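# I'd like to go over a predicted model; first the sequence, then the structure.
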Amino acid sequence: MIIREQEPLSAHTTFRIGGPAAYYLIPEDRDEVRDAIAFAEEKKLPFYVLGRGSNMLFDDEGFRGVIIEIGRGMEQVSMEDIPDGTVRVTAQAGIAMSSFAMQLAEAELTGFEFAGGIPGTLGGGITMNAGAYGGEIRDCIRDATVMTESGEILVLAKEQLELGYRASVIQKKKYIVLEGSFVFVRGKKEEIMAKMKDLNQRRRDKQPLEFPSAGSTFKRPEGYFAGKLIQDAGLRGYRVGDAQVSEKHSGFVINRGNATAAEVRQLIHDVQERVQEKFQVRLEPEVRIVTIQNKG
């Protein structure tokens, strides 16, 4: 297992923001994940699980604890034909959602095209019930293998995962996703690839991918769209230092170069207050904000 000290978190998040982690561990199998938890317990430090850091904001001062990255070394995929004509696919949590989508496309399996442009890992996607363009993880997942904070391994069926809008039992109980099992049907490769290409082009056209960000900053309020509320509140392009509400898509907060976590948090607060005042709607952050010594 790779163990680093004082590792800058800005190098491991798509926001490119965050000070050093006291310890940064990269396990390569479930036994090493358990060892990583034991390492944190031995040091009497909190731990936090990270994938590709695509939905995270860490403090400028860093994290006074142990970061456990589920990524490199935990990216294997296996496929099994089922008698009913479907295919069961099992994938480890560290694989990138985009890579998983491409492997499925190459195998002519349809149902995961929506995730082709989502920047996180599969583990993070299951934890958040990631979705885009009308599709969500819960549409195709069968079960997930997780590890508890005490190192116990559980296999949770789809119903037990309690997958909701950007929510799951994994978040509530702070489980660590090790792998997910899915069921897909066969399709035509050219049609699958064409759909993924179309969705990725729509993403490039509408989202500020040229700047570091954590993706959609706010959850979608029931009956509204966060980006439209923010734009209608006159906050398109609003800045706090180098943190800015994107002019391309107001649902994104971007880092124009040297934004700090403090600036992003202030901007989020300002947006929440303005939208609440104008529309009586409270926006809830989708980005996960982790303070220097606390989880969550």
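Right, received. Where do you want to start? Residues are numbered from 1 along each chain as shown.

# contacts, neighbours, all on C-alpha from now
Will do.

# Can you name the element that comes right after the longest strand seen in the chain?
Longest strand of the chain, by residue count under DSSP state E: strand 176-186. Downstream of strand 176-186, the next assigned helix or strand under DSSP states H and E is helix 189-206.

# Start from the N-terminal end of the stretch 151-296 of the chain and give the helices.
For the stretch 151-296 of the chain, the helices defined by DSSP state H, counting those that start in this stretch occupy 158-161, 169-173, 189-206, 226-232, 261-279.

# Please work out which of those is packed deepest.
helix 226-232 (a mean of 20; mean count of other CA atoms under 10 Å).

# so for it, what's the average pLDDT?
Helix 226-232 carries an average pLDDT of 96.

# Stretch 197-210 now?
92.

# now stretch 156-164
The average pLDDT for stretch 156-164 rounds to 96.

# Repeat that for stretch 61-77.
Stretch 61-77 shows a mean pLDDT of 95.

# Adding distance to residue 57, write the helices of the stretch 151-296 of the chain out as a markdown table.
Shown next, in a markdown table, are those (distance: least, CA to CA, whole Å):
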| stretch | distance to residue 57 |
| --- | --- |
| helix 158-161 | 25 |
| helix 169-173 | 17 |
| helix 189-206 | 22 |
| helix 226-232 | 19 |
| helix 261-279 | 7 |
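
# So which elements touch the longest strand of the chain?
Contacts defined by 3 or more CA pairs under 8 Å, 6 or more residues apart in numbering; DSSP states H and E place strand 176-186 against strand 87-92, strand 109-110, helix 122-128, strand 141-147.

# So what's the gap between that strand and the chain middle?
Distance, stretch centre to chain centre, for strand 176-186: 16 Å (CA atoms, centre = their mean, to the nearest Å).

# list the buried ones in that strand?
176, 177, 178, 179, 180, 181, 182, 183, 184, 186 (16 or more other CA atoms under 10 Å).

# Please find the angle between the direction vectors of it and helix 189-206.
Interaxial angle, strand 176-186 versus helix 189-206 (axes from the mean of the first three to the mean of the last three CA atoms, to 10 degrees): 130 degrees.

# Report the angle between strand 176-186 and strand 141-147.
Going by the same axes, to 10 degrees, strand 176-186 is angled at 160 degrees with respect to strand 141-147.
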